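A.B. asks: need a 3D model of the following:
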Amino acid sequence: MRYIWTLLLLALATCTFAQLRYAPNPDRPALHKASAERAAALAAHTDYASSAWRGPQDCPPEFFDRYFLHPGDSIKIEVDTFGLGGGHASDVLTAGACGQMLHFGTARQDSITLTYRALPDVVAGMDTVCVQFCPNGTDCQPIRFVFVVKRRGQRVVADEQPVQPQTYTPYCLDDELDLPGALACSRIIDCGDAYDGDGFQNAYFTTYEEPDPCLVYVSSRFPGTDTVCVVLCDEFTICDTFAIPFTVQGTVLSLPFFDDFSYDGPYPDPRLWLEDQVFVNQTLAQNPPSIGLATFDGLDASGRPYDLISGAGDHLTSNRIDLSGLGPDDDVWLKCFVAPKGRGLGPSPQDSLLLEFR
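C.D. replies: Here you go, the predicted structure:
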């Protein structure tokens, strides 16, 4: 059963980065009124964590009428001639170029086996080999085989891009591009970095009508380096991955740190907090010590319920706090008021409110 947590934070001094998390369950009939109230307040909100279509699913493009290999590699193909009336001892198979020389490899025909070997220094190129099939030694007809020789994909790390929190930053891959063929497709993939604000940022191409080397990065309020990986593939299906590090500038707070949420919501003060997931209000607590509170209500920043049965729900993360010069003997402490349920449903035995700091 989902529930409400309310929070009044009086002082936060023992952590440089704090998160409050809870794990709600799906049913919350008592929150319908609160949800409607919050949805109305969210009408003008820009959802910086909204998902965007990140590129075509068929990237790199697939071709079924040609064979692909890397420089120095070889491939053997058994030429089946039974459907062409072959299978006789007098059949003749010979391999050669189709009206032009082979530029990127060599071809050899041994009995029914065609062997194509790519040259070792090729970047990208395409050869067409014609196997002449002559049943009973006469009436020869060509069978075409297309071979694409391509270098292996590369990973390129672009220059670091400093950005401000919650801004839109365009970026185009230009000098980094070294694909030998025309662009065929583009997509954005997960780099697997350890950025704290993962899920609160966004990145999308400037166009989805054609392959695009330009994107727009939408930063969160989380400081740190977020690496966006863009895959660009050319007509030879060579795919290079470009890692673009965006470094979000952050704010460092000093002591004392205090927030009683006694201001108009629905979001917490962005000068102190990094997310907009909790609901700042003055109505959902019973006998609060102040007029304001932050409610962990199980709704995301756009007022939609999380699609979960268990696991983390709302987060509330402070900006970094400067504790330099302080030691174990200093009078530094954390104090906050926490109230389960409020004017909602009480927590279930498996539910929890987690405090993390580092």
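A.B. asks: list the beta-bridge partners for the nearest residue to residue 74 once chain neighbours are set aside.
C.D. replies: Nearest residue to residue 74 in three dimensions, chain neighbours excluded: residue 117, at 4.0 Å (CB to CB, 6 or more residues apart in numbering). Yep, even glycine has a C-beta here, placed from its N, CA and C like the rest. Beta-bridge partners for residue 117, by DSSP bridges, are residue 74, residue 106.
A.B. asks: isn't residue 353 up against residue 296?
C.D. replies: Yes: if you go by CB atoms under 8 Å, residue 353 and residue 296 touch, sitting 7.4 Å apart.
A.B. asks: quick one, which of those two is more surrounded?
C.D. replies: Neighbours were counted for residue 353 and for residue 296 using other CB atoms under 10 Å; residue 296 has more, 24 against 16.
A.B. asks: what about the helices in the protein?
C.D. replies: 32-41 (DSSP state H).
A.B. asks: could you check how far the closest residue to residue 222 other than its chain neighbours is from residue 166?
C.D. replies: In this structure, residue 222 finds its nearest non-sequential neighbour in residue 197, 2.7 Å apart by CB to CB, 6+ apart. To residue 166, residue 197 is 11 Å away according to CB to CB, to the nearest Å.
A.B. asks: residue 234 now?
C.D. replies: On the measure of CB to CB, residue 234 and residue 166 end up 35 Å apart.
A.B. asks: need the contact list for residue 60.
C.D. replies: Shown in contact with residue 60 (CB atoms under 8 Å, 6 or more residues apart in numbering): 184-185, 233, 237, 239.
A.B. asks: surely the residue nearest to residue 222 meets residue 217?
C.D. replies: No: assessed by CB under 8 Å, residue 197 is found out of contact with residue 217, at 11.9 Å.
A.B. asks: so for residue 6, what's the pLDDT?
C.D. replies: pLDDT recorded at residue 6 is 48.
A.B. asks: now the residue positioned nearest the centre of the chain: closest residue in space, sequence neighbours ignored.
C.D. replies: With distances taken as CA atoms, centre = their mean, the residue of the chain nearest its centroid is residue 190 (3.6 Å). Distances taken as CB to CB, 6+ apart put residue 229 closest to residue 190, at 7.1 Å, once the chain neighbours are dropped.
A.B. asks: would you check that that neighbour makes contact with residue 191?
C.D. replies: Yes: here residue 229 reaches residue 191: they are 4.2 Å apart, a contact under CB under 8 Å.
A.B. asks: now do the shared contacts for those two.
C.D. replies: In contact with both residue 229 and residue 191: residue 243, using CB under 8 Å, 6+ apart.
A.B. asks: so which of the contacts of residue 60 comes closest to residue 145?
C.D. replies: Of all these, residue 237 has the smallest distance to residue 145: 17.2 Å, by CB to CB.
A.B. asks: list the contacts for the closest one?
C.D. replies: 60-61, 63, 68, 148, 150, 184.
A.B. asks: ChimeraX command to pick out the buried ones of those residues?
C.D. replies: Selecting only the buried entries of the contacts of residue 237 in ChimeraX, with 16 or more other CB atoms under 10 Å as the criterion:
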select :60,68,148,150,184
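A.B. asks: inside strands: which ones of the contacts of residue 237?
C.D. replies: Counting by DSSP state E, the part of the contacts of residue 237 found in strands is 68, 148, 150, 184.
A.B. asks: looking at these, which one is closest to residue 245?
C.D. replies: Nearest member of these to residue 245, counting by CB to CB, is residue 184, at 25.8 Å.
A.B. asks: quick one: low-confidence ranges for this structure?
C.D. replies: 1-58, 80-97, 135-138, 308-311 (pLDDT under 70).
A.B. asks: tell me the domain boundaries of it?
C.D. replies: Domain ranges of the chain: 1-60+152-358, 71-150, per automatic domain parsing.
A.B. asks: just to revisit the earlier point, so what's in contact with residue 197 and residue 166 at the same time?
C.D. replies: Joint contacts of residue 197 and residue 166 (CB under 8 Å, 6+ apart) are 220-221.
A.B. asks: neighbour count: these two, which is higher?
C.D. replies: residue 197 (20 against 15).
A.B. asks: list the contacts for that one?
C.D. replies: 220-222, 224, 226, 248, 274.
A.B. asks: any chance of the residues you listed in JSON lines, plus neighbour count and distance to residue 280?
C.D. replies: Listed next are the contacts of residue 197 as JSON lines, based on neighbours: other CB atoms under 10 Å; distance: CB to CB, whole Å:
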{"residue": "220", "neighbour count": "22", "distance to residue 280": "19"}
{"residue": "221", "neighbour count": "22", "distance to residue 280": "16"}
{"residue": "222", "neighbour count": "21", "distance to residue 280": "19"}
{"residue": "224", "neighbour count": "17", "distance to residue 280": "25"}
{"residue": "226", "neighbour count": "26", "distance to residue 280": "26"}
{"residue": "248", "neighbour count": "25", "distance to residue 280": "23"}
{"residue": "274", "neighbour count": "26", "distance to residue 280": "14"}
